[in-house]
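Q: Make a model of this:
(2 chains)
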Amino acid sequence: MKVLWTLVRNDSKIFDKVYYPERSPVTSIYQGLANALMMGGLIWATSLGFITGGFVIWCVLISIPFVISFSILNKEWHEGTIGWWLALPYSKSLLLSAKFVASFLLVLESYVSILAIVLIQLFLINSTLPPFLPHTQLLDAFQVCAKDLTWLLLISPFSILLGTLIVTFARSHWLPEFPIVWGSLGFGVIVNLYVVKAFGLLPSSSPSVHHGQMHFISVNGSNFLTTLLLSLSISALLFAFSVYILNRHVEV
Amino acid sequence: MSNALEIKYLSKSYGPKIALDDLYVSFPEGQITGLLGPNGAGKSTLLKVIVGLVKPQAGNILVFGQPPHWKFNAEIAYLPDRAKWYKVHTIERAINYALTILPGFDLPRALEMIKTMDLDLDSRVSALSKGQQASLYVILCLARKVKLVLLDEPFTGIDLLSRERIIQSLIDSMLDQPQTIIISTHEIHETESLFDHVVFLNRGQLVLEGNVEALRQEKGCIESIYRGLFR
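A: Numbers count the residues shown, from 1 in each chain, chains lettered A, B, ... in the order given. Coordinates of the predicted model:
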């Protein structure tokens, strides 16, 4: 247990501040251009009505677990620590379990932060509105956000383990070339969005915050228990497959 | 003398590139063995096979009588080639991490080595020089009470003084706790005094092996044997 917790603590430090200042100027410029291009594309698509604000929020929220788990595992290769990590005297299932727990804790932290930011913004809007205008009921807003958060957490084991599987697959014999890893990130994000949509978690058509009626997501035809069982079953399969690939088909 | 490692007809290739070609060799227990050869000789691949990072296509390997398995890595301290440690760690955190994660990690010994190598516990790994990083990696391996230590190019890219410090800590380590140590290196001139046994590889095959003293008497110093073999 102590070993697992130490691994989890180590894995969850991926977004530590010192990770960023070491980027070269060229990388920063490249990243800035990529971000600008993506933002421009989003604005363009939104202005033409191809995507809505609700869809963008949904994409971001659904992609958080996938991107976090992808980054946490890929970091071992990216930072050059993979030799140490894979030579540890622990089973691959324990090593991947630590990555899973670390990812889940970071996902929880991210979602709770978003919820807190939304509620703080509502509070600030409320406090600046003149008394004759309708005010948002914070308790109602909190309940609605908490419900969405529960659904997102319910689906997150699947997204986290999809991220794990994509990295192990991309680093295996089957796909040995480095650029494919980054290509697989985009592929994984799209697969994740489609599967989550199939689970019944759709973009909300009314993402604006009014009278506590805001939903980040819209749940369509799914019930809590079925989704939980489905998410856990698929997650268990993804985990087993990732362990198998890491054991048999990943060499460094 | 018994053998720590028995390698029989081991083969491994990466696509068309052959890394190990029907390799048959053994490594004596309780000695420091120099694993020598030019780039691409198969030295790193062999060390990776020992810790299970690479699976051979043919042949077998016994580490203290057992085939490689993650469980037996508890008895192996392995320093990977071109190793890097977690940038977010300070040296203190790296040591605490190792204390929990790496079986047999000896904290007092690690702290003593940190003092000897003049490292600051509060320094971040990302802020260390190459030589300091190499010293840290060697500490993470040598401060473990394990049967087998594998060091893959521990001196690459580091200055003379850091190299001398690392060599001294290797000598101290052997005096404190006799272990089987295998060092893959190109720095033969500085390290040959360390070795009890040497294994020369080329293109994945054994070229020459033997006790260092016997080889010296027969053929001269290890560096000149190396030159003779690979020139």
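
Q: Is the residue of chain A found nearest chain B within a helix or a strand, and which one?
A: Going by CB to the nearest CB, chain B is nearest to A:Gly83 of chain A, at 2.9 Å. C-beta: built from backbone N, CA, C; applies to glycine. Counting by DSSP states H and E, the element that carries A:Gly83 is helix A:82-86.

Q: re earlier: so what's the residue of chain A closest to chain B up against?
A: By CB atoms under 8 Å, 6 or more residues apart in numbering or on different chains, the residues touching A:Gly83 are A:Val252, B:Lys48, B:Leu53, B:Tyr78, B:Pro80, B:Asp81, B:Ala83.

Q: Any residue of stretch A:69-80 touching chain B?
A: Yes: using CB under 8 Å from any CB of the partner chain, stretch A:69-80 reaches chain B at A:Glu79, A:Gly80.

Q: Tell me the residues of chain B that contact chain A?
A: B:48, B:51-55, B:70-74, B:76, B:78, B:80-88, B:97, B:100-103, B:124, B:126.

Q: So which residues on chain A come close to chain B?
A: Near chain B, when you scan chain A using CB under 8 Å from any CB, you find A:2-3, A:6-7, A:10, A:13-14, A:16, A:18-19, A:22, A:79-81, A:83-84, A:86-92, A:248, A:251-252.

Q: Contacts for the lowest-mean-pLDDT helix or strand in chain B next, please.
A: Lowest by mean pLDDT, DSSP states H and E among the helices and strands of chain B is helix B:160-176, with a mean of 83. Residues from elsewhere that reach helix B:160-176, judged by CB under 8 Å, 6+ apart: B:32, B:109, B:113, B:116-118, B:131-132, B:134-135, B:138-139, B:142, B:149, B:154-155, B:158, B:179, B:181, B:183, B:187, B:190-191, B:194.

Q: Now do the contacts for A:Leu138.
A: A:Leu138 makes contact with A:Leu119, A:Leu122, A:Phe123, A:Asn126, A:Gly212, according to CB under 8 Å, 6+ apart.

Q: Let me have the residues you listed in JSON lines, extended by neighbour count and secondary structure.
A: Output for the contacts of A:Leu138, formatted as JSON lines (neighbours: other CB atoms under 10 Å in any protein chain shown; DSSP: H, G, I helix; E, B strand; the rest coil):
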{"residue": "A:Leu119", "neighbour count": "17", "secondary structure": "helix"}
{"residue": "A:Leu122", "neighbour count": "21", "secondary structure": "helix"}
{"residue": "A:Phe123", "neighbour count": "13", "secondary structure": "helix"}
{"residue": "A:Asn126", "neighbour count": "14", "secondary structure": "helix"}
{"residue": "A:Gly212", "neighbour count": "17", "secondary structure": "coil"}
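
Q: Closest one of those to A:Leu108?
A: A:Leu119 (16.3 Å; CB to CB).

Q: Is that closest one in contact with A:Gln143, as I believe?
A: No: look at A:Leu119 against A:Gln143 with CB atoms under 8 Å: they stay out of range, at 11.1 Å.
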